[in-house]
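# the amino acid sequence is not available; the structure is as follows:
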């Protein structure tokens, strides 16, 4: 049995109108993608350096090994 009055899709589609309505959302998505790529590139470029290993930095450590008395 068909129900009357319920239409699943619009019969009047204006591509230009839909383009104008979706432009802010698409611009926001584009900005989010570009900023994500910039952040990831920055992490790869500056976060993957050799760094300083605290165990081999040459500075004396506060937690020295206990002395074994003989």
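Happy to help now that I have it. Predicted model, so just to flag it, every value in this text is computed and none were measured. Numbers count the residues shown, from 1 in each chain.
# CA atoms for contacts and neighbours, from now on please.
Fine.
# count of neighbours near residue 33?
Number of residues near residue 33 (other CA atoms under 10 Å) recorded here: 11.
# what do you get for the one 4 residues further on?
Residue 37 sits with 12 neighbouring residues when counted by other CA under 10 Å.
# which residues touch it?
Residue 37 makes contact with no residue, according to CA atoms under 8 Å, 6 or more residues apart in numbering.
# check whether it sits in a helix, strand or coil.
helix (DSSP: H, G, I helix; E, B strand; the rest coil).
# okay, it and residue 30: tell me how far apart.
Note on residue 37: its distance to residue 30, by CA to CA, to the nearest Å, is 11 Å.
# and residue 8, by the same measure?
30 Å.
# compare the two (neighbour count), which wins?
Neighbours per residue, other CA under 10 Å: of residue 8 and residue 30, the larger number sits with residue 30, 12 against 6.
# for residue 41, see how far away that one is.
17 Å.
# and residue 17, by the same measure?
For residue 17, the distance to residue 41 (CA to CA) stands at 37 Å.
# and residue 14, by the same measure?
Residue 14 is 40 Å from residue 41, by CA to CA.
# with neighbour numbers in mind, choose between those two.
Taking neighbours as other CA under 10 Å, residue 14 and residue 41 compare with residue 41 leading, 12 against 9.
# list the buried residues in stretch 32-39.
By 16 or more other CA atoms under 10 Å, stretch 32-39 has no buried positions at all.
# now do it, average pLDDT.
Taken as a whole, stretch 32-39 has a mean pLDDT of 97.
# would you state the helices of this structure in chain order?
15-47 (DSSP state H).
# where are the low-confidence patches of it?
Within the chain, the stretches with pLDDT under 70 are 1-7, 10, 48-70.
# residue 13 and residue 22, how far apart?
Looking at residue 13 against residue 22, where the rule is CA to CA, the gap reads 14 Å.
# ok, residue 37 next?
23 Å.
# repeat that for residue 39.
Between residue 39 and residue 22 the computed distance is 26 Å (CA to CA).
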